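Colleague: With the sequence up front, the predicted model follows.
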Amino acid sequence: MQWTLASDIDGTLTGDREALDRLREKLQVKRDSSELYLILCTGRRLDQVTSGIAEEGLPQADAVICQVGTEIYLPPLGDDMPPMEAWRARLLEQYSRSEAEGFLAGIEGLRMQPDMFNTELKTSCYVDECPDPDAAAAEIRRRAAQQGDRYLVVYSSGRDLDILPAASGKGKAIRFLIEQRGLDLGRVVVAGDTGNDIAMFDELGRGVVVANAQPELRDYAQQSASDDVYQARHEFAAGVEEGLTHFGVLAG
Ligand SMILES: [Mg+2]
């Protein structure tokens, strides 16, 4: 029986190289015997994922979801390859980059993220130098909500804020991929460490919160009161391994 693991990268897989090396070997054994479909699901760009696989010890993946769920890539991965067109076209139907930029107008202290993190489907800024970052995020959410339900505002770590198409986000991208590949939605485990990972837990239900997670995700896990949201005692990749063992994906 095949499981799907959809894991965030930074702060979830990375952070403890020794633990990541151990986890990567276990995941590869499962992939080699077709018992695991591995999705890397990240805010990174594709070339930062491929360089991470080459240099940071990240595992080989069966699919990569980049830019917080707005781009999907299938192997063989190449740095200049276009994202999956079916997903792109679906998201472009509801998203206007210029309208999204308008939600950020006049917010004191707000800084745009570098161009590489701003795409036709993702408008990203930092709010940590705003006088009240949480209030700034709330105001951006309020403005976005005035456009109906076309936009999703994701706020993480008291710093990163992304305006995405409402149909995107890490969780919906994973669901799209699982349905498209004919995988079992009932056998999915997600893993994460910050607020932009909450969408994965909301959409798929079962997951691992690593011990080093940001308060917003830890609070979510505590409030969910679900046995399917597992709070690991270990940090980083060791926490992911612990959670996968808990769910029976890896042998104890
Ligand atoms: Mg992370």
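Modeller: Thanks, I have the structure now.

Colleague: can you map out the strands along this protein?
Modeller: Ranges of strands in the chain, per DSSP state E, are 3-7, 36-41, 63-66, 71-73, 111-112, 123-126, 151-156, 160-165, 188-192, 207-209, 229-231.

Colleague: tell me the mean pLDDT over the first one?
Modeller: Going back to what we said before, that points to strand 3-7. The pLDDT scores in strand 3-7 average 98.

Colleague: For it, which helices and strands make contact with it?
Modeller: strand 36-41, helix 170-181, strand 188-192 (3 or more C-beta pairs under 8 Å, 6 or more residues apart in numbering; DSSP states H and E). Heads up, the C-betas are built off the backbone N, CA and C, glycines and all.

Colleague: one more time with 7 Å
Modeller: strand 36-41, strand 188-192 (3 or more C-beta pairs under 7 Å, 6 or more residues apart in numbering; DSSP states H and E).

Colleague: does any bit of the first one sit next to the ion?
Modeller: No: in terms of C-beta under 5 Å from the ion, no part of strand 36-41 sits within range of the ion; the closest distance is 9.6 Å.

Colleague: hmm, back to that, need the helices and strands packed on strand 3-7 in JSON lines with mean pLDDT and mean neighbour count, can you?
Modeller: Below are the helices and strands packed on strand 3-7 laid out as JSON lines (pLDDT from 0 to 100; neighbours: other C-beta atoms under 10 Å):
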{"stretch": "strand 36-41", "mean pLDDT": "98", "mean neighbour count": "24"}
{"stretch": "strand 188-192", "mean pLDDT": "98", "mean neighbour count": "27"}
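
Colleague: How about the residues of the stretch 151-252 of the chain by the ion?
Modeller: Contact residues, the stretch 151-252 of the chain versus the ion (C-beta under 5 Å from the ion): 193, 194.

Colleague: Next one: the residue sitting furthest away from the middle of the chain from residue 54, what distance?
Modeller: Relative to the mean C-alpha coordinate of the chain, counting by C-alpha atoms, centre = their mean, the farthest residue is residue 106 (28.5 Å). According to C-beta to C-beta, to the nearest Å, residue 106 and residue 54 sit 42 Å apart.

Colleague: now residue 200
Modeller: Noted for residue 200: a distance of 25 Å to residue 54, by C-beta to C-beta.

Colleague: quick one: which of those two has more around it?
Modeller: Each of residue 200 and residue 54 has its neighbours counted (other C-beta atoms under 10 Å); residue 200 has more, 30 against 9.

Colleague: Give me the below-cutoff pLDDT ranges for the stretch 101-250 of the chain.
Modeller: Counting by pLDDT under 70, the stretch 101-250 of the chain shows no low-confidence range.

Colleague: Just give the number of residues close to the closest residue to residue 198 other than its chain neighbours.
Modeller: Distance criterion C-beta to C-beta, 6 or more residues apart in numbering; nearest residue to residue 198, sequence neighbours excluded, is residue 220 at 5.3 Å. By other C-beta under 10 Å, the residues close to residue 220 number 19.

Colleague: So which of the strands of the chain is the most surrounded?
Modeller: Across these, averaging neighbours per residue (mean count of other C-beta atoms under 10 Å) puts strand 207-209 on top, at a mean of 29.

Colleague: Work out the gap between it and the centre of the chain.
Modeller: 12 Å (C-alpha atoms, centre = their mean, to the nearest Å).
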